[in-house]
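Q: Sequence first, predicted model second:
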Amino acid sequence: FVPNRFKGAKPLELANFKATGISAYRMDESSMHVALRANGEKFPFTASVSRIKINGKELYTLLLRDLTQPASAETMQNARQAQLVRSEEIANFGRYTIHFSRGGRHEANLWSMQMYKILGLDAANNAPTTAEYIARYVHPDDQARVRLILEKTLAEKGRAELDYRIQCSDGSIKYLYDAIEFVTHNEGSSTFFGQIHDLTERRRGEADRLEAAAKFQAFVEQLGGIPYVANLESNAGLLYVSRKMEELLGFTSEQWCQDPELRIKQMHPADRDAAREAIKESALNHQGFSIEYRIADRDGEMRWVHDEAHIVTDATGIPLFMQGVILDITERKHAQMELERSHRDLQKMIAMLDSMREDEQKRLAQEMHDDLGQLLAAMKMDLSSLQQRLPKNDQKLAQQVNTLNTLVDTMVTSVRRIIADLPDKTEVKAYCA
């Protein structure tokens, strides 16, 4: 519908608009824009283009006004507004802007009509500030994460996508997808542009997916361990758990699913806080966990279990639920504790042998020093006395006495070496180990 002489410029103009990243664009009214009717007749027009992003796809809307039949500005504006409102209703999304002055001071929040409808609020009231919105409507378990992402996006002046839950004015819970973009204007002010998509119906479809997954339950029950499915609340309440859980702990699957706190309450008091924090952190950050803890069965007997889970998402990456498996590791833990007990007993035995060895070493050293040492000293003295009494002309006898004296000296040296070579305490421990 574009005449040949304009076809070169229009694609380029639209391509430039797409590259800017802004959400709306109005064609230059200072130049002539001409289109062709079905009968070949040319007519002047003005146009504006806007876009929205739904589920990762960009949709473009073109508003064309025929200047041969000029309409009032108010009529055109009302038509555009009605079309945009209808588009929001069909796609179930709302728009908002948060404007900041040149100095970064917050000035105003503006909401579209659909934003008020999603939250169940009266459009006659002013839009709440960002802080008020988070405090009043964002689910308490999601507030910290939402606040952190918004602060980071504001500091980096960038874009972000996040999902969270809100508490509507009627008390119901809704799941939202929020895409935001920070834009700085030429005059120094800045604006947050955001789009809220209501994902509640999609999340409600999770029940249908879980029902379909139940068809594989017979197969799952044959697998090792105790599989389960939990929600993404802070306590990770069970939505499904294998019947094997009843065989292990005595509580039925229905009891586990009806009481979200049952798993926490049955944990050993010494393990409860660490396990609760790991589960809460996993649900908040949409990350898996792997923990071990003691849990009491229906009769109060403690069992050791290994609990490991990961987050299941849909095709777009949105977290749906937590899927995990519990393994009974009681026998392994008992074997481990028995091994540790044996190790402690061995250490005690080593200490006892060490003490005995040390005492024996002292006794041997004392006996060798006192008994053998004294005998060698006496022999040395007797040989010395004998040497003094030998006839001076009997060289053969003197040589024999000298040989005996040398042997005694060698024995003294050997005794000293043996005493010094007795193993010390460290060597005894190494030998026993």
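A: Looks like it arrived, so ask away. Numbers count the residues shown, from 1 in each chain.

Q: which residue ranges form the strands in this protein?
A: With DSSP state E as the definition, the chain shows strands at residue ranges 24-26, 34-36, 42-54, 57-66, 93-100, 106-111, 159-167, 173-184, 190-198, 226-230, 238-241, 289-296, 302-313, 319-328.

Q: tell me the most buried of those strands?
A: Between those, strand 226-230 has the highest mean count of neighbours, a mean of 22, where neighbours are mean count of other CB atoms under 10 Å. C-beta coordinates here come from the backbone N, C-alpha and C atoms, glycine included.

Q: TSV please, covering the strands of the chain and showing distance to Ala420 and mean pLDDT.
A: Shown next, in TSV, are the strands of the chain (distance: least, CB to CB, whole Å; pLDDT from 0 to 100):
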stretch	distance to Ala420	mean pLDDT
strand 24-26	96	65
strand 34-36	111	78
strand 42-54	86	74
strand 57-66	88	76
strand 93-100	85	82
strand 106-111	85	73
strand 159-167	76	91
strand 173-184	81	88
strand 190-198	83	85
strand 226-230	64	88
strand 238-241	70	88
strand 289-296	52	93
strand 302-313	52	91
strand 319-328	57	90
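
Q: possible to save the ones you listed as TSV with distance to Lys392?
A: Below are these laid out as TSV (distance: least, CB to CB, whole Å):
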stretch	distance to Lys392
strand 24-26	133
strand 34-36	148
strand 42-54	125
strand 57-66	126
strand 93-100	122
strand 106-111	122
strand 159-167	114
strand 173-184	118
strand 190-198	121
strand 226-230	103
strand 238-241	109
strand 289-296	92
strand 302-313	92
strand 319-328	96
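
Q: Verify the contact between Ser290 and Glu308 for me.
A: Yes - using CB atoms under 8 Å, Ser290 is in contact with Glu308, at 4.4 Å.

Q: OK, contacts around Arg298?
A: Contacts of Arg298 were listed using CB atoms under 8 Å, 6 or more residues apart in numbering, and they are Leu249, Gly250, Phe251.

Q: Tell me the one among those nearest to Ala274.
A: For Ala274, the nearest member of these is Leu249. The distance, counting by CB to CB, is 19.8 Å.

Q: what residue ranges in the stretch 201-350 of the chain are flagged as low confidence?
A: Under the criterion pLDDT under 70, the flagged ranges of the stretch 201-350 of the chain are 207, 214, 216-224.

Q: Now do the helices in it.
A: 206-213, 217-221, 244-249, 253-258, 262-266, 269-285, 330-367 (DSSP state H, counting those that start in this stretch).

Q: tilt between the first one and strand 319-328?
A: Relative orientation of helix 206-213 versus strand 319-328 (axes from the mean of the first three to the mean of the last three CA atoms, to 10 degrees): 40 degrees.

Q: So which elements touch helix 206-213?
A: strand 319-328 (3 or more CB pairs under 8 Å, 6 or more residues apart in numbering; DSSP states H and E).

Q: strands paired with the strand it packs on, and their directions?
A: Applying DSSP bridges to the sheet, strand 319-328 is found paired with strand 226-230 (antiparallel), strand 302-313 (antiparallel).

Q: Who's the closest spatial neighbour of the residue nearest the centre of the chain, skipping the chain neighbours?
A: In the chain, the C-alpha closest to the average C-alpha coordinate belongs to Gln287, at a distance of 4.1 Å (CA atoms, centre = their mean). The shortest distance from Gln287 to any non-neighbouring residue, by CB to CB, 6 or more residues apart in numbering, is to Ile311 (6.7 Å).

Q: ok, now which ones touch that neighbour?
A: Taking CB under 8 Å, 6+ apart as the definition, contacts of Ile311 comprise Leu232, Ser282, His286, Gln287, Gly288, Pro319, Leu320, Phe321, Met322, Gln323.

Q: and stretch 199-215, how far from the chain's centre?
A: Once both centres are worked out by CA atoms, centre = their mean, to the nearest Å, stretch 199-215 turns out to sit 25 Å from its chain's centre.

Q: try stretch 112-125
A: When distances are taken as CA atoms, centre = their mean, stretch 112-125 is centred 35 Å away from the chain's centroid.

Q: just the CA coordinates of it, formatted as PDB?
A: Listed in PDB are the C-alpha atoms of stretch 112-125, where the atom choice follows Å, rounded to 0.1, in the frame of the first residue of the first chain:
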ATOM      1  CA  SER A 112      -2.700   1.800  33.100                       C
ATOM      2  CA  MET A 113      -6.300   0.700  33.700                       C
ATOM      3  CA  GLN A 114      -5.400  -3.000  33.500                       C
ATOM      4  CA  MET A 115      -2.800  -2.600  36.300                       C
ATOM      5  CA  TYR A 116      -5.600  -1.600  38.600                       C
ATOM      6  CA  LYS A 117      -7.800  -4.500  37.400                       C
ATOM      7  CA  ILE A 118      -5.000  -7.000  38.000                       C
ATOM      8  CA  LEU A 119      -4.600  -5.900  41.600                       C
ATOM      9  CA  GLY A 120      -8.300  -5.400  42.100                       C
ATOM     10  CA  LEU A 121      -7.900  -1.700  43.000                       C
ATOM     11  CA  ASP A 122     -10.100   1.300  42.300                       C
ATOM     12  CA  ALA A 123      -8.600   3.300  39.400                       C
ATOM     13  CA  ALA A 124      -9.800   6.500  41.000                       C
ATOM     14  CA  ASN A 125      -7.000   6.300  43.500                       C
END
